[in-house]
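In: need a structure here:
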Amino acid sequence: MADGIAWILQPYLIDCVTFARGAEPAELAFRLGARQGQQPCWASSDDMAGLLAGGGVGSAVRVGRAGDWSFAIEYGDAVGPTSTGMGAVSAVGVEAVNFSLSPWHPPSMFTYYHDGDCICSFGIGEEARRWGKNPDLLVPALTKSGVLPAHLDLRGADVERVRRLSVLVIEEHFRLQLPRADVLDGQLPLFVRREA
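Out: Numbering: from 1, shown residues only. Here you go, the predicted structure:
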């Protein structure tokens with residue numbers, strides 16, 4: 001059975017993940033700022049933590065593929081593409097979905113770009129405030145799931161349930177998968193974005 005993506009909401013497992021449809025994993029790494037022409041090494045998340053702690057690497061991505069989408073887990077001090085960066089990631093007909101996860105300073109952010117344009121973006125748990133060329137893209141599914149209309153008095157477990165439902169709507173709409181065991185325990189190709 002596929003893992004889906006809702007597990008990314010668990011705090012401190014990953015900080016940022018970008019998906020791209022229409023770009024192979026290595027191309028996604030380069031679109032995210034990895035140095036052109038480098039050959040990847042294979043690394044686990046523990047290896048990545050060691051590289052960052054050792055001071056040799058400032059930021060890097062580990063990449064893979066799940067279904068129709070390439071994915072990149074970002075590490076280091078340059079985590080999370082800027083809006084300009086997502087435009088470059090999604091240039092020339094590529095679709096790109098990004099989750100910038102911040103349990104220490106919510107909300108975590110969802111962004112969907114296509115062909116260089118921001119189509120839809122919102123904070124997970126703040127779905128009533130959306131932007132992009134088609135900010136209402138997911139409103140029917142968010143409404144059907146009970147995420148919208150937003151309830152301002154949500155607390156505790158209800159907040160977590162709504163966040164999970166929101167991510168499940170995104171997962172289903174885009175058919176996203178992220179293999180948890182590969183990301184957390186496996187070896188994936190690693191590309192350096194910036195040396196320390």
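
In: make it CA atoms for all contacts and neighbour counts henceforth
Out: Will do.

In: Going by residue numbers, what spans are helices in this structure?
Out: 25-31, 45-54, 83-89, 139-145, 157-174, 180-184 (DSSP state H).

In: mean pLDDT lowest for which of the ones you listed?
Out: Sorting those by mean pLDDT places helix 83-89 lowest, at a mean of 80.

In: For stretch 171-180, list every residue counted as buried.
Out: Residues 171, 176-180 are the ones in stretch 171-180 that count as buried (16 or more other Cα atoms under 10 Å).

In: right, I mislabeled it, should have said stretch 52-72
Out: Taking 16+ other Cα under 10 Å as the criterion, stretch 52-72 shows 52, 57-65, 68-72 as buried.

In: possible to save the buried residues of stretch 171-180 as JSON lines with distance to A196?
Out: Below are these laid out as JSON lines (distance: Cα to Cα, whole Å):
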{"residue": "E171", "distance to A196": "34"}
{"residue": "L176", "distance to A196": "32"}
{"residue": "Q177", "distance to A196": "31"}
{"residue": "L178", "distance to A196": "28"}
{"residue": "P179", "distance to A196": "29"}
{"residue": "R180", "distance to A196": "28"}
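
In: how close does M86 sit to A53?
Out: 27 Å (Cα to Cα, to the nearest Å).

In: now do F99
Out: The gap separating F99 from A53 is 24 Å, by Cα to Cα.

In: and if you look at A96?
Out: Applying Cα to Cα to A96 and A53 gives a distance of 30 Å.

In: Next: R31.
Out: When R31 is compared with A53 (using Cα to Cα), they lie 25 Å apart.

In: which sections of the chain are below the confidence cut-off?
Out: 1-2, 78-84, 151-157 (pLDDT under 70).

In: Show me the strands in it, by range?
Out: For the chain, the strands defined by DSSP state E occupy 16-21, 41-43, 57-66, 69-76, 95-100, 109-114, 117-123, 126-131, 188-195.

In: Return the list of strands paired to the second one, each annotated with direction.
Out: Taking DSSP bridges as the criterion, strand 41-43 pairs within the sheet with strand 188-195 (antiparallel).

In: in the partner strand, what's buried?
Out: For strand 188-195, by 16+ other Cα under 10 Å, it's 188-194.

In: That one vs strand 57-66, what angle?
Out: Orientation check (axes from the mean of the first three to the mean of the last three Cα atoms, to 10 degrees): strand 188-195 against strand 57-66 gives 150 degrees.

In: what about strand 188-195, distance to the chain center?
Out: The chain centroid and the centroid of strand 188-195 are separated by 17 Å, computed with Cα atoms, centre = their mean, to the nearest Å.

In: Any figure for the gap between N98 and F110?
Out: Counting by Cα to Cα, the gap from N98 to F110 is 6 Å.

In: Could you do W104 as well?
Out: Taken as Cα to Cα, the span from W104 to F110 is 16 Å.

In: Looking at the buried residues of stretch 171-180, spot the one nearest P149.
Out: E171 (19.6 Å; Cα to Cα).

In: show me the contacts for that closest one.
Out: 4-6, 177 (Cα atoms under 8 Å, 6 or more residues apart in numbering).

In: Please consider this matter closed, and thank you.
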